[in-house]
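**Student:** Can you look at this prediction? I've put the sequence above it.
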Amino acid sequence: MHNLIRGLSSHPGAWFEAEVNGKPERIKALRAVLARGSGTPGTLLDERLTIACGEGALRLTEVQRSGKRPMSAEDFLRGAHLSRGAVVL
């Protein structure tokens with residue numbers, strides 16, 4: 001996943017879908033770093049946008065909501081209110 005995001009950023013881009021404030025939304029993953037953790041792929045492991053990848057994890061550092069400007073993961077999470085255990089696809 002890490003290399004996929006690096007290889008496809010910024011065009012065409014790597015995407016995932018998450019329920020943001022009660023509505024499904026498509027989010028473009030622009031930058032990520034490898035992180036510790038494991039779990040069911042697609043599960044948020046913490047409130048810092050760390051996503052389980054089966055073996056290992058990935059922390060998104062920059063994302064872009066559909067139709068919006070790129071933003072840091074911190075800024076995204078201020079408005080998105082995603083919590084640990086949420087699943088992104």
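**Tutor:** Received the coordinates, thanks.

**Student:** hey, where'd the helices end up in the protein?
**Tutor:** Counting by DSSP state H, the chain has helices at residues 2-8, 73-80.

**Student:** Which of the ones you listed has the lowest mean pLDDT?
**Tutor:** Mean pLDDT values for the helices of the chain show the minimum at helix 2-8, a mean of 69.

**Student:** so who does the residue nearest the centre of the chain touch?
**Tutor:** What sits nearest the mean C-alpha location of the chain, by Cα atoms, centre = their mean, is residue 60, with 5.0 Å. By Cβ atoms under 8 Å, 6 or more residues apart in numbering, the contact list for residue 60 reads 29, 31, 32, 49, 50, 51, 73. Placement of C-beta: from N, CA and C, glycine included.

**Student:** Now these in CSV, please, with extra columns for distance to residue 86 and neighbour count.
**Tutor:** Output for these, formatted as CSV (distance: Cβ to Cβ, whole Å; neighbours: other Cβ atoms under 10 Å):
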residue, distance to residue 86, neighbour count
29, 15, 26
31, 20, 17
32, 17, 25
49, 10, 25
50, 12, 22
51, 10, 25
73, 14, 20
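
**Student:** hmm, back to that, list the residues that contact the residue lying closest to the residue nearest to the centre of the chain once chain neighbours are set aside.
**Tutor:** For residue 60, the nearest residue in space outside its immediate sequence neighbours is residue 49; the separation is 4.5 Å by Cβ to Cβ, 6 or more residues apart in numbering. Residues in contact with residue 49, defined by Cβ under 8 Å, 6+ apart, are 59, 60, 61, 63, 73, 76, 77, 82.

**Student:** can you count the residues close to the closest residue to residue 89 other than its chain neighbours?
**Tutor:** With Cβ to Cβ, 6+ apart as the criterion, residue 89 has its nearest non-adjacent residue at 4.9 Å, and that residue is residue 17. By other Cβ atoms under 10 Å, 13 other residues sit near residue 17.
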